[in-house]
Structure formats: C-alpha cells, structure tokens
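Enquirer: kindly return the folded structure for what I paste below:
(one chain, ligands or ions: 1)
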Amino acid sequence: MIKVSRGCCGQEELDQVKEAFDYGYFGLAYKVNEFEQEIQKFIQTDREVICTCNGTAALHLALDAIGVSEGDEVILPSFTFVATAQAISSCGANPVFVDVDEETMLIDIEDVRRKITDRTKAIVPVHYSGAVCDMEALLKIKEEYGIRIIEDAAHAFGSVYKGKKVGSFGDIACFSFDSIKVMTCGEGGCIITNDKDAAELIRIKRLLGIDRKTMHTTDWKKRSWKYDVPVTGYRYHMSNINAAIGLAQIKKLNGFIDYRKKVAKSYNSLLSDIPEIKLPVYDIDTITNFMYVIRVKNGKREELKQYLMDHDIESGISYIPCHTFSLYKGNNHLPATEKIYEELLCLPIHPEITESDLKEVSDRIHEFFRK
Ligand SMILES: Cc1ncc(COP(=O)(O)O)c(C=O)c1O
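Expert: Coordinates of the predicted model:
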C-alpha cells in the first residue's frame, strides 16, 4: 500500500527518547525547554515559543488567553480540520464559518469582512497544506477593527511568506506536530507569539493555571512545591518524551521540507497533461507542501479514489467542511468550499515515498482517465 501520509522516525528519535527515559521524569522537563529554543532558532525569531500536548490544545490556549469566551464570535474557514472549530467551541464561543477562495483554497478575505460583527473577537485563518493565507490583508483587519488573528498553522511549520517563516510576523501562530505532520513529536504542538502578556498567561494555563514562578521551572533545585493558582487552566503542556522526538525531528526538518517540494514538483510534471484534473496553484518552493491536493473536474473523484485504492494507493479527502457537521449545521451556504469538497483528492506525499511510488500513482491516474 502506498500511504497518503506517514510519520518518519528512526534511530535519532530513539536515542533522544532513551535519554528522556533515563532522566526518569517524563512530564514538563528540560527537553521541552530545549525544544522551544530549537524552534526559535528554526523559525529565526526571538518571539515566545510555548510547546503544548497537541495543536488543538495550542489553538484552545491561544484563544482562551486572549479572552475568547461565551457569546463571542470567532471567524474561521469551514474548509479545515474540525480541530479548528472545536478549539473555538471549547471556549464557549460561536464559530462563524466563511468561504475560501476557489483557486487558492485559503480563507476568503471579502467573506471575512462581510461576517465581522460587534461580537467578533478573533479570526482564525488556516494555512491549508502549508500555503499561507493573505496575512497582509488579515493584519490590516486586525488594525482596523482590533480583532485578534490566531493563525492555524498546523500545516505550515517551515512555510515562508514574503521572505519570513510563519510564526515570525503574525499575531499568534499555532502549530501541530501530530504523527503525520511535516515534522512530528508523536503528538505535540506549539504557540509562537510576540504578545508577552498572552505568552505569560498561556504558560500558566497550559499547566492547570499553576503560577509559573514556582512550578514551571525545569531546574529542579529552583522548584518549590508551593504554588498559587490564579486562573483556570488545562493539562496541555508537552511531555519530555514528545519533546525528545521533536528535538531529533527538527534537525531533519529542512530535509523533509526539501523532499516534499521535490515530490510536489514531480507530481506537477507527471500529471500536467490530464485535462480532467486541476493541479495546486500555490508556490511549491516557499511552503511545506504538507499535502498535495488535486481537483477532479469531471465529477469522478469518488471513482478515482476507489480505483487508486483498488491498486493499493491510499488517497485522502481533507477536509469535510465543518459547516456540514451536525454540531455546526445552520443555513450557511459556502459555494467555493462545497465545490472544492466535491472535487479534491489528496495524493500520497511523505518523506519516505519513492520515485517509483510517484510513477505508480501517476500511471494509475492516467490509466483511470483513459479508461
Ligand atoms: C488544520 C488543522 N488544525 C488543527 C489541527 C490540530 O492539531 P492536533 O492534531 O495536533 O491537535 C490539525 C491536525 O490535523 C489540522 O490539520
């Protein structure tokens, strides 16, 4: 089976995890600090980096820390993983779904502007597949309306926008290091922000609201068992074991990203002669290429998916639009999102896919359309 995605770990990750085992304390410990520093170096930023147990927790913490709560509205594209919407719901706020641009599949700025109300507290753009949303326009909306921008950058760890890495220029960016992301911690996430107040609160809230001055140091000699709990918090910190995996992975990340670019380019040239499919429009060279998403224009997406599966090739449909789930169903009609959902197909892409796998995928797709 050619898998649509997979995490790739080896001896380096095992060596790191062994160190974490030998240390004997697996919770919030020194490797989390080290990993946060490595993230700063990778992103080339001196902003605050706070690691979490997953990307959903990162989004929830970020929204919570800027005060999103019951009765607030938060704008997001419906075309995203349900984690984005659930992070908003977890704050008691109402997710307000907007459309995406039909070409780029990224948040539609005009629709965002149409849906801003007095209750809009934040906007959560999603950098789908690592392609970066129109951040210039979104940061302008932030200035105009005082609405916070919390980037769902789950796919975009390493993507570059106007010469800078995601996380180094926006308001608050949230990343995921889950098992199949561009780099993995097993499970994990992080928040990067230049908002020192939000960062302070996030550090406290990620560990049950426990005041960081006493509990958050990873230097055991400075730890005290006395602590205060000034705010509501969650059990959202990253573990030393997950950070250990991240420390090994981040060293490989440039290689992973370069390889994904190569794969995306190969697909572009292998599939360019099939009129029934539309290839991605984003700039492969500047982004992580977390997914490679084609659009099947002749209504045969399901048949193609099945045909590939019959030939041991897995493909994906990411994502089911959130406004169609029973939890969020209203009378919302988002034409571009609904059209994209009918057409999209994610082809296999990961660091261990081979040239011959790519040729096999391409041959089978050609064969399907020639039938
Ligand atoms: C767009 C998007 N947002 C948020 C998340 C949540 O990340 P995690 O799985 O680490 O909780 C994901 C994970 O797949 C995602 O794809």
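
Enquirer: close to the ligand: what parts of the stretch 51-200 of the chain are there?
Expert: Proximity of the stretch 51-200 of the chain to the ligand, by CB under 6 Å from any ligand atom, involves residues 54-56, 80-81, 83-84, 126, 152, 154-155, 176, 178, 189. Backbone N, C-alpha and C define where each C-beta goes, glycine included.

Enquirer: ok, how many other residues are close to the nearest residue to N240 once chain neighbours are set aside?
Expert: Nearest residue to N240 in three dimensions, chain neighbours excluded: A29, at 4.0 Å (CB to CB, 6 or more residues apart in numbering). Residues within reach of A29, counting by other CB atoms under 10 Å, total 21.

Enquirer: so what's A29 up against?
Expert: When contacts are counted by CB atoms under 8 Å, 6 or more residues apart in numbering, A29 touches 20, 23, 218, 240, 243.

Enquirer: who touches whichever strand or helix holds A58?
Expert: Here A58 is covered by helix 55-65, with elements defined by DSSP states H and E. Identification of contacts with helix 55-65 by CB under 8 Å, 6+ apart yields 50, 52, 74, 83-84, 86-88, 90-91, 93, 122, 124, 150, 152, 154, 172, 174-178, 181, 188-191, 193, 198, 201-202, 205-206, 234, 236.

Enquirer: select from the residues you listed every entry located in helices.
Expert: If you go by DSSP state H, these have 83-84, 86-88, 90, 198, 201-202, 205 in helices.

Enquirer: of the residues of the stretch 51-200 of the chain next to the ligand - the most surrounded one?
Expert: Neighbour counts for those (other CB under 10 Å) peak at S176, which has 31 neighbours.

Enquirer: list the contacts of the residue most central in space within the chain.
Expert: Residue closest to the average C-alpha location in the chain (CA atoms, centre = their mean): A154, at 0.9 Å. Contact analysis of A154 by CB under 8 Å, 6+ apart lists 55, 81, 83, 126-127, 174-176, 178, 181, 189.

Enquirer: again, only this time at 6 Å
Expert: Neighbour list for A154: 55, 176 [criterion: CB atoms under 6 Å, 6 or more residues apart in numbering].

Enquirer: pLDDT at it, what is it?
Expert: If you check A154, the pLDDT there is 98.

Enquirer: all strands of the protein, in order?
Expert: Applying DSSP state E to the chain gives strands spanning 48-52, 73-77, 94-98, 120-123, 148-152, 160-161, 164-165, 172-176, 189-193, 277-278, 292-296, 344-347.
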